[in-house]
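Visitor: predicted structure and sequence below. I'll ask about it afterward.
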Amino acid sequence: MANLNRVLFIGRLTREPELRYTPDGTPVANFTIAVNRSFANQKGEREADFIPIVVWRKQAEQCAEYLSKGSEVVVDGRLQIRSYEDRDGIKRKKSEVVAWGVQFLGRFKKEEPSPEEPVEAEIDKVSMDEGEQEEGSNSFDEEN
C-alpha cells in the first residue's frame, strides 16, 4: 500500500519568522500562517486556521531575511505530529508542517540602506514631450 503525507497551504504570516540554529549549526525557522476558510460560520463571518510552519537550512535563513508579519506565502510540505513532555511532566502532542518549500507571494521586508549608499525615494516614470523637458533634468517624478 502506498503512503502519502503532503500538504499545501496559502496564507499570511501572523508574526515575524523566528530563526535559530541547532547545536550543529543547522538553521531552522518557525512561523505561523493564517489560512482563511472557504466558507463562513453561522454568523456570516469568515474564520481562519493558524498553521505552525517549520523550515530548515537555507530556506529558513531566506524566510527570516525576507518575510515579515503579513507576508503571503505558499507552503508545500508534510504534516508532522510529535510527542513531548512539558515542564510538569505531562505528555503533549504538537502538530506542525515541515516545509519542503516556501514560495514568497509578496510583501517582503524592506531592507535598511547601508550608510554609504544614498537613500532614494521610490520613483515612477512620467512621460513628457521633448519640448517640456529641460536640459539636464530627467523624466522621473519622485514620490515621498
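Guide: Great, that's in hand.

Visitor: can you list contacts of the longest strand seen in the chain?
Guide: Ranked by number of residues, the top strand in the chain under DSSP state E is strand 91-106. Contact with strand 91-106 is made by 7, 9-10, 51-56, 59, 62-63, 66-67, 71-86, as judged by CB atoms under 8 Å, 6 or more residues apart in numbering. In this view, the C-beta of every residue, glycine as well, is placed from N, C-alpha and C.

Visitor: buried residues in it?
Guide: Neighbour counts over strand 91-106 (16 or more other CB atoms under 10 Å) mark Glu96, Val97, Val98, Ala99, Val102 as buried.

Visitor: gap between the residue most central in space within the chain and Val55?
Guide: For the chain, the residue nearest the mean C-alpha position is Leu67 (3.9 Å; CA atoms, centre = their mean). According to CB to CB, to the nearest Å, Leu67 stands 10 Å off from Val55.

Visitor: now the strands for the chain?
Guide: 7-13, 18-21, 27-40, 46-56, 72-85, 91-106, 123-125, 140-142.

Visitor: now the ones you listed as CSV including mean pLDDT?
Guide: What follows is these, written out as CSV (pLDDT from 0 to 100):
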stretch, mean pLDDT
strand 7-13, 96
strand 18-21, 97
strand 27-40, 94
strand 46-56, 95
strand 72-85, 96
strand 91-106, 94
strand 123-125, 36
strand 140-142, 38
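
Visitor: nearest approach to Met1 belongs to which of those strands?
Guide: strand 72-85 (17.8 Å; CB to CB).

Visitor: which residues make contact with that closest one from outside it?
Guide: Applying CB under 8 Å, 6+ apart, the set of residues contacting strand 72-85 is 5-13, 33, 51, 53-54, 67, 91-107.

Visitor: what about Ala29, distance to Leu67?
Guide: Ala29 is 9 Å from Leu67, by CB to CB.

Visitor: same check on Arg57?
Guide: 16 Å.

Visitor: then Lys94?
Guide: 22 Å.

Visitor: now Thr14
Guide: Counting by CB to CB, the gap from Thr14 to Leu67 is 11 Å.

Visitor: this completes my enquiry, with thanks.
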